[in-house]
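Undergrad: okay, structure incoming, though there's no sequence with it:
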C-alpha cells in the first residue's frame, strides 16, 4: 500500500481549523428528466448566463424573495417539472415555464446598476456532475489560442456534449460559432488564462465554460481587491465565525468558487461567488466601491502536488489552476537541476538518485530526500513561490511531501553609501525600511518594504532622480534591472515606480516586496542618482503589475529635466558619458571613470553611484529545525501596495513561509569611508571657537561679581 501526504505553506497567513461542509445537490429526479428531455439517453443539465435577464410575464411560475443561494434557485427549478428557466439576483429567484431556447428575444441585458444571472435547463447526452450547473456561456467571446481539437457540429449543445465526453485531456471550455458550426474545445478556461489576452471578443462566437472540471483546492492563496464588493453573489451565509471559515466555505462550495467577502455586508456574513474581476469584463460596473469595507478576496492560485517514487528516481508533479511560467529546481542546485516551464498548468521535475546534479540525499536505508523550489520569476525568489521537501521511503512504500523551507533575511538593514561626486553635490543615502518608513526589525520574503533615496541635508537646494537600479546577488552571477535608463520600473511584480515621499521632497521612495536570489545569500542594490535644480522632471511610464492587469500609465522620478530653470556654465553641465544600451557595463568602466572625475569640480548633472546590500540566509536544513520552531512567522493579512490594483494576499494555513530576519552588521573602522566637507569643517571650527568665547565670558562675569560682593561686605571688629 502506498500512502501519500503533503503539506505546504504560503507566507504570512494562517487559518483556523474550522471545517464547514456545503450541501451537495440532490440527484436529478427521474420523472422531471423524462418529462423535459425527449431522448432517453439525455440528462438534465443547467446553464448560466451572467448579466442577462429573461422576460416572460405570462410564463412566470413562482417568485421567491429572500433566496440567498444560487444553488437553491437551481434546485427549485430542478424540482419543478414545468420549470425551464430562472432569473437569480442575490435575494430573489423567479421561475419560468419557458426559456430563451424557445424565445431568444426574451433574453436581454440586465438593467444597470445590478446584474442578473440567467439559468436554463439543458438536455445533454452526458452524465451529470456533482456541481450545481454544468456550463456557463458568454455570447460574443471565444478562446481560440489554446484550442486542442476542432470540428463542425450542428448545435451548441453538441459542442457542450463533445467537451463533456473528451477523454484525452480535461476539457475546461469550448467555443462555438453559430454561423459556421465550428466547435473548438480546450483544456484552458478564463481562470487559467487570467492575466493574458487569450479570452477575447469574437463576433458570432459563444464561449462555453465547463463547471464540472476539478481544480486544485488544497494549496490556495487569495488576493484582496480592496474597497470593492460584488453586486450579485452566488451564496450568502449568516453567522460564519471567522474569515478562515468563510474561505473554507468557498473552497468546498458545490461549484467552482473563486471569490468571497467577509463581514462587509453585515457582522459574520460570508458571501461567495464563482466570478472574479477577470470573468466580469462584459458586465458594466459589477462591483460596489465602498471606502470603509475591506473588499473581495479573489482566488489567485492553487496547487496540487504529487510525488512518484520510482526505482531509480523521484518525480514531483505539480498541477495549478492558472497558467504557470517560471521554473522548478532543486534548492541546492538551481542551475544544474532545473526545469523551465512556459505557459502550462501541469509540470514536473525528475531527480535521479545517483545524479550529482540534483544531489538527492540518502537519509537512511531506502529513504531518499531532496528540496525543490517552484519559482515564478526567472531570477529571484518572491512571496508567490513555493518550497517543497520531497521524501521517498521504499521500505514502507510511503510518499511524503512535508514543509521544511524557511528562507530568512538576516542582517540589520542599514544604509550603505558609496558617493562618487564632488563636494558641492548633495549627500544621497539609500536605505530600506518597512512600508510607511518604520525601522525594519524583522522581515520575510514578500514583506512590504520601501527603498528610499534621501538627500541628507534637508536645506540642500537639490532634488534627485534615480535610474538604472539593479539588484544583484552576492556572487555577481545574477542580476535584474528594476529601473531602466529612463527610471521606469521593469519588474512590476518586484518594485513599483519611484515617487516623492510625502512631506519630504528631498526623498524618493519605491515600494517593493522582499525577495532573494536562489544562488546567493546577498542581495545588492545599485543605482545611478543625479541631482538637479530646482526640480526634477518625472517620466511617464507604461506599467503592468504582477497579476497581469491592464497597462497603466504612471509617473516615476527617473528622467532629468531637459532644460534647466536657470542658466548654467559649461562646467556646471558636465556629465558622465555612459553607454545607455549596456547599464551593467557601467558598474565597471563607469565606476572607474567616476572615480577619476571625483577629484574635479562638477556640480549639477553629476551621477552618483549608491549601493545597499543585505543578507538572506536559507533555514531549510533539519539541523536548524529547533531555531525555526522558535521563530514562528507572522500570519497577518497585508496589503500589496506594489501592484497597480489594490490587492492583498490571503494565504492558506498549508502554505510555505519565506522568513527573513536581520543580522547585525559588524562595524569595521578599517572599511570606514569619510567624505571631507571643507565648508562643514570650517563651520565646526567656528562653532568650537564661539563656544570657547562664551565660556570665557561667563567665567569672567562670575569672577567679577564675586569680587564685587567681597568688597561691599563690611569688616567686623571683635
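TA: The structure has been received and is ready for your questions. Everything quoted here is computed from the prediction, not taken from an experiment.
Undergrad: who's in contact with residue 295?
TA: When contacts are counted by CB atoms under 8 Å, 6 or more residues apart in numbering, residue 295 touches 224-229, 261, 264, 646, 648. C-betas here are computed from N, CA, C, even on glycine.
Undergrad: and what of residue 513?
TA: Residue 513 neighbours (CB under 8 Å, 6+ apart): 382-383, 445-449, 494, 640, 642.
Undergrad: beta partners of it?
TA: residue 448 (DSSP bridges).
Undergrad: how about residue 386?
TA: residue 374.
Undergrad: just residue 330 next, same as before
TA: Going by DSSP bridges, residue 330 is paired in beta bridges with residue 333, residue 372.
Undergrad: ok, residue 480 next?
TA: The partner residues for residue 480, given DSSP bridges, come to residue 471.
Undergrad: surely it touches residue 489?
TA: No - the pair residue 480 / residue 489 is not scored as a contact, 11.5 Å apart, by CB atoms under 8 Å.
Undergrad: neighbour count winner among these two?
TA: More neighbours surround residue 489 than the other of residue 480 and residue 489, with 27 against 19 (other CB atoms under 10 Å).
Undergrad: which stretches of the stretch 151-300 of the chain have low pLDDT?
TA: For the stretch 151-300 of the chain, no stretch has pLDDT under 70.
Undergrad: what segments of it are strands?
TA: Along the stretch 151-300 of the chain, the segments classed as strands by DSSP state E, counting those that start in this stretch run 173-177, 182-186, 200-210, 219-226, 228-230, 235-237, 259-262, 270-273, 287-289, 295-309.
Undergrad: which of those sits closest to residue 76?
TA: strand 235-237 (14.9 Å; CB to CB).
Undergrad: can you tell me the average pLDDT over stretch 535-544?
TA: Stretch 535-544 comes out with an average pLDDT of 76.
Undergrad: now do the contacts for the residue lying closest to residue 343 once chain neighbours are set aside.
TA: Nearest residue to residue 343 in three dimensions, chain neighbours excluded: residue 323, at 5.3 Å (CB to CB, 6 or more residues apart in numbering). Residues near residue 323 by CB under 8 Å, 6+ apart: 188, 192-193, 196, 343-345.
Undergrad: also residue 161?
TA: 124-126.
Undergrad: write a ChimeraX command that selects only the buried members of the residues you listed.
TA: The buried subset of the contacts of residue 161, as determined by 16 or more other CB atoms under 10 Å, is captured in ChimeraX by this line:
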select :124,125,126
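Undergrad: could I get the full set of helices for the protein?
TA: Along the chain, counting by DSSP state H, helices occupy 30-36, 70-79, 156-165, 243-251, 589-597, 625-630, 678-712.
Undergrad: hey, least reliable of those by pLDDT?
TA: helix 589-597 (a mean of 36).
Undergrad: so where's the stretch 1-150 of the chain shaky on pLDDT?
TA: Applying pLDDT under 70 to the stretch 1-150 of the chain flags the ranges 1-35.
Undergrad: all strands for it, in order.
TA: Listed in chain order, the strands found in the stretch 1-150 of the chain under DSSP E, counting those that start in this stretch are 3-6, 43-50, 52-54, 60-65, 85-89, 92-96, 107-109, 117-124, 135-142, 147-152.
Undergrad: to residue 475, which of the ones you listed lies closest?
TA: strand 3-6 (32.4 Å).
Undergrad: re the thing from before, neighbour count and distance to residue 469 added to the contacts of residue 295, as TSV?
TA: Listed next are the contacts of residue 295 as TSV, based on neighbours: other CB atoms under 10 Å; distance: CB to CB, whole Å:
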residue	neighbour count	distance to residue 469
224	23	28
225	22	29
226	17	27
227	17	31
228	21	32
229	20	37
261	25	37
264	18	38
646	15	24
648	19	25
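Undergrad: between these, which is closest to residue 387?
TA: Using CB to CB, those come closest to residue 387 at residue 648, 22.2 Å.
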